[in-house]
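Novice: quick check, what structure comes out for this input:
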Amino acid sequence: MEAQSLYDYLGKPAGPDLGEKVYAAAIAEGAWVGTKNIDPSKSTSGYVRTYLVSFLDKYFNRKSAVQATLEDKVKILEDRIKLLEDKVDILAPHFKSNKEADDLPF
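Specialist: Numbering: from 1, shown residues only. Got it, this is the predicted structure:
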């Protein structure tokens, strides 16, 4: 499982208010929270909190890359099937699906 800081995840500084909200949500959910040491000139504490990307995706209501990719592939396959069905209906009308013929009694 990959963990990222809010800065790494969002691509910009999150700020202390958002950071505390995310931390409180993680604690309330029982999500894993880690730390990452950083240059003390960037944060007075010398560390930032890290969270699992799956938690951050859920918190920020984003689809994970894997989920988005799978949904895109399913959509492409559905579109291709529809095109093939349309081609069959045009080129070989005798193979055209008939709803009544598909309803077999057994």
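Novice: what about the closest residue to residue 38 other than its chain neighbours, which helix or strand?
Specialist: Counting by C-beta to C-beta, 6 or more residues apart in numbering, residue 48 is the residue found nearest to residue 38 once chain neighbours are left out, at 5.7 Å. All C-beta atoms are positioned from the backbone trio N, CA, C, and that covers glycine. Per DSSP states H and E: residue 48 is located in strand 47-52.
Novice: same deal with residue 27?
Specialist: Assessed by DSSP H and E, residue 27 sits inside helix 15-29.
Novice: that helix versus strand 47-52: what angle between them?
Specialist: 50 degrees (axes from the mean of the first three to the mean of the last three C-alpha atoms, to 10 degrees).
Novice: show me what the strand holding residue 48 packs onto, helices and strands only.
Specialist: If you count contacts as 3 or more C-beta pairs under 8 Å, 6 or more residues apart in numbering; DSSP states H and E, strand 47-52 packs onto strand 3-5, helix 6-10, helix 15-29, strand 33-37.
Novice: want to throw the ones you listed into JSON lines with mean neighbour count and mean pLDDT?
Specialist: As requested, the helices and strands packed on strand 47-52 are exported to JSON lines (neighbours: other C-beta atoms under 10 Å; pLDDT from 0 to 100):
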{"stretch": "strand 3-5", "mean neighbour count": "19", "mean pLDDT": "94"}
{"stretch": "helix 6-10", "mean neighbour count": "17", "mean pLDDT": "93"}
{"stretch": "helix 15-29", "mean neighbour count": "13", "mean pLDDT": "94"}
{"stretch": "strand 33-37", "mean neighbour count": "13", "mean pLDDT": "94"}
